[in-house]
Structure formats: structure tokens, C-alpha cells
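# got a predicted structure plus its sequence, pasted below:
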Amino acid sequence: MMRPIIQTATFRSARDQPLKNVLVYAPTVIWIQSGHKQLQWRDQTLEFDSNHWLIIPANQYLSFINFPTKQGFFSKALTLIEPPPQDWLSFEKTSIQVKQPKLKPSTALKYGFNQLFEMDHQGLDREAQKHMVLSFYAQLKAEKKLQLLFPAHSDSLKEKLSVLLSATPGDAHNLEDAATSLNMSRATLIRKLSAEQTSFREVLTEIRMGYALSLMQEGKALLDVSLACGYQSQARFSARFKQQFQVTPNQYIQTLISN
């Protein structure tokens with residue numbers, strides 16, 4: 001399967017919605033439309049609303065609470081799979097570890113985000129999509145904000161594997177096919193993932209847990225979500241979900257339902 005250019009998602013809640021250890025596998029911009037998000041970032045508590053983007057580089061785990069207003073909580077997430085040109089990036093000694101992943105977007109950036117978010121539904125040619133993403137990066141670069149998404153050069157195999165699996169998270173993926181898609185042997189894939197302190201199964205499980213959130217957002221039945229994520233037992237799926245996010249699937253579903 002051809003690698004996507006971007007991926008988009010929406011998230012809603014009608015009640016306070018706490019989640020921990022949510023993997024952001026590729027550079028992502030989150031724009032809250034209503035309500036606000038309280039994020040635990042390093043040793044800080046950061047607040048986000050419609051005036052401030054959450055702008056996250058790859059391979060980050062987020063712990064947060066989504067707080068609804070009377071209209072509920074609603075956010076849009078734009079995941080950027082196609083990277084900018086390497087010579088656009090300036091990898092300084094400063095690290096994202098000491099920067100807040102927070103940006104008050106300009107009118108130009110808001111326009112670019114909205115154009116990209118609707119791009120998947122317009123039937124654009126792949127090259128046209130690449131140019132639109134490049135335009136968004138160009139605006140970030142002009143405003144000296146591109147490094148928030150790309151703070152360091154990344155050769156992370158976990159990131160590449162995550163992007164590969166996230167295109168079809170419900171499929172019956174196996175290690176051999178993934179290795180072939182990444183142009184390496186099975187043994188090399190295992191060895192390199194081990195060097196990054198992870199494994200094929202761990203990456204696939206985390207991608208599927210994120211997929212489970214999106215399926216529950218769509219109102220899918222819990223058994224259907226379990227099966228779609230590769231679990232024949234709803235109980236085993238629920239246990240893994242709680243281990244990942246520190247809430248049960250039923251607790252998460254309750255946040256989607258108004259009183």
C-alpha cells in the first residue's frame with residue numbers, strides 16, 4: 001500500500017475525558033474547536049483551547065484530560081506523514097524537551113490546516129497533495145515554527161513501522177510482511193526494533209489501541225472494536241485498553257454520552 005500523505009481524525013466528548021499514554025506516532029497538530037484540553041507535559045500542566053494548537057513531534061506519549069463546554073469537546077487532529085525537505089530543518093542543540101508544544105496559529109496557518117484537513121475528501125492527485133503539505137510547511141518555516149514538529153533528525157524505525165501499520169490497523173499484519181514493506185529482513189527488523197526498546201507486537205498493539213479510540217468515537221459496539229483490533233476476547237481487549245490508557249473501554253465510552 002502506498003504511504004499516505006496525511007491522516008486526519010476528530011475527537012469528541014460530552015464529559016471530562018482523561019487518557020494517559022496516547023501514542024503520537026508521527027508529527028501531529030491538534031486544533032480544539034470547542035472545550036479545552038489539559039495536558040501533562042514533562043513537569044508542566046498546559047492548557048489548550050481553540051486559540052492554541054497542540055503541536056507534537058513523532059514518538060511522543062500524551063496524558064491529558066479533555067474538558068467539554070455546553071457544546072461538548074471537539075478537536076481535529078492532522079497527522080503529517082510526508083516530511084519537509086531536510087534542508088528546511090535546523091537541528092539545534094536545544095531540544096523539544098524544554099519547549100512547550102503550544103502555538104498560537106496565525107490566520108495563514110489556520111487556512112493551511114483547514115485546507116489540508118479537507119484535502120482527503122477532494123480527490124486530489126498525490127503530487128497535488130504533496131504540494132499542499134509543502135505549502136503548510138513553508139508557512140511554518142516562515143514563522144520559525146517548523147522545528148516544533150521536527151525538533152531532531154529521526155531515523156526511528158518505530159515511527160516508520162507505526163506509519164505503515166496505521167494505514168490499515170485492522171488488517172492481519174505480520175512481521176514478515178512488515179519487514180518486506182520496510183525493505184529489510186525479518187531478523188533485521190526484530191534487531192532494530194529491539195535496539196529501540198520495542199517490538200513488532202508492541203508497536204502493532206499501540207497502533208491498534210489508538211485505532212480503538214477512533215472506532216469508539218464512531219459509536220462502534222465494544223465487541224466489534226475488540227475484533228477489529230485483533231482480539232477474539234472482549235475481556236482481553238478491555239484489559240489491554242486499560243493497561244494502555246488507564247481507563248476501561250466502558251469508562252471511555254461513557255465520556256462520549258451526555259447526561
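Received it, and whenever you're ready, just let me know what you need. Residues are numbered from 1 along each chain as shown.

# now do the strands in the protein.
In the chain, the strands defined using DSSP state E lie at 6-13, 17-24, 28-34, 36-41, 44-48, 53-56, 60-67, 73-80, 102-103.

# who touches stretch 183-201?
Stretch 183-201 is contacted by residues Ser156, Leu157, Lys158, Leu161, Leu175, Glu176, Ala178, Ala179, Leu182, Val203 when judged by Cβ atoms under 8 Å, 6 or more residues apart in numbering. For the C-beta atoms, the positions are set from N, CA and C on the backbone; glycine is no exception.

# now the strands of the chain in a markdown table, with distance to Leu165, mean neighbour count and mean pLDDT?
Below are the strands of the chain laid out as a markdown table (distance: least, Cβ to Cβ, whole Å; neighbours: other Cβ atoms under 10 Å; pLDDT from 0 to 100):
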| stretch | distance to Leu165 | mean neighbour count | mean pLDDT |
| --- | --- | --- | --- |
| strand 6-13 | 12 | 18 | 96 |
| strand 17-24 | 11 | 18 | 97 |
| strand 28-34 | 16 | 21 | 98 |
| strand 36-41 | 25 | 18 | 96 |
| strand 44-48 | 28 | 14 | 96 |
| strand 53-56 | 19 | 22 | 97 |
| strand 60-67 | 17 | 18 | 97 |
| strand 73-80 | 13 | 20 | 97 |
| strand 102-103 | 28 | 18 | 96 |
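
# what's the closest of those strands to Ile257?
strand 6-13 (9.4 Å; Cβ to Cβ).

# how far off centre is that closest one?
Remark: strand 6-13 is offset 9 Å from the chain centroid, using Cα atoms, centre = their mean, to the nearest Å.

# partner strands of it, parallel or antiparallel?
Counting by DSSP bridges, the strands paired with strand 6-13 are strand 73-80 (antiparallel).

# picking that back up, between the strands of the chain, which one is nearest to Ala221?
Comparison of the strands of the chain against Ala221 by Cβ to Cβ identifies strand 6-13 as nearest, at 17.7 Å.

# what angle sits between the closest one and strand 17-24?
If you take axes from the mean of the first three to the mean of the last three Cα atoms, to 10 degrees, strand 6-13 sits at 170 degrees to strand 17-24.

# returning to that earlier point: name the nearest of the contacts of stretch 183-201 relative to Gln7.
Ranked by distance to Gln7 (Cβ to Cβ), the contacts of stretch 183-201 are led by Leu161 at 15.1 Å.

# wait, the closest one sits on Ala179?
No: using Cβ atoms under 8 Å, Leu161 makes no contact with Ala179, being 9.6 Å away.

# more crowded one of these two?
Leu161 (25 against 18; other Cβ atoms under 10 Å).

# per-residue confidence at the more buried one?
On pLDDT, Leu161 comes in at 96.

# gap between the nearest residue to it once chain neighbours are set aside and Gln243?
Sequence neighbours aside, Val203 is the residue nearest to Leu161 in space, at 5.2 Å (criterion: Cβ to Cβ, 6 or more residues apart in numbering). Distance from Val203 to Gln243, counting by Cβ to Cβ, to the nearest Å: 15 Å.

# among these two, which residue is more densely surrounded?
Applying other Cβ under 10 Å to Val203 and Gln243 shows that Val203 carries more neighbours, namely 25 against 11.

# on that earlier part again, right, and the strands of the chain - which one's nearest Leu134?
Here strand 73-80 is closest among the strands of the chain (Cβ to Cβ), at 10.7 Å.

# number of nearby residues for the closest residue to Leu223 other than its chain neighbours?
Spatial nearest neighbour of Leu223, excluding adjacent residues (Cβ to Cβ, 6+ apart): Gln234 at 5.3 Å. As a burial measure, Gln234 scores 16 neighbours (other Cβ under 10 Å).

# surely Gln234 meets Ser226?
Yes: under the criterion of Cβ under 8 Å, Gln234 makes contact with Ser226 at 4.5 Å.
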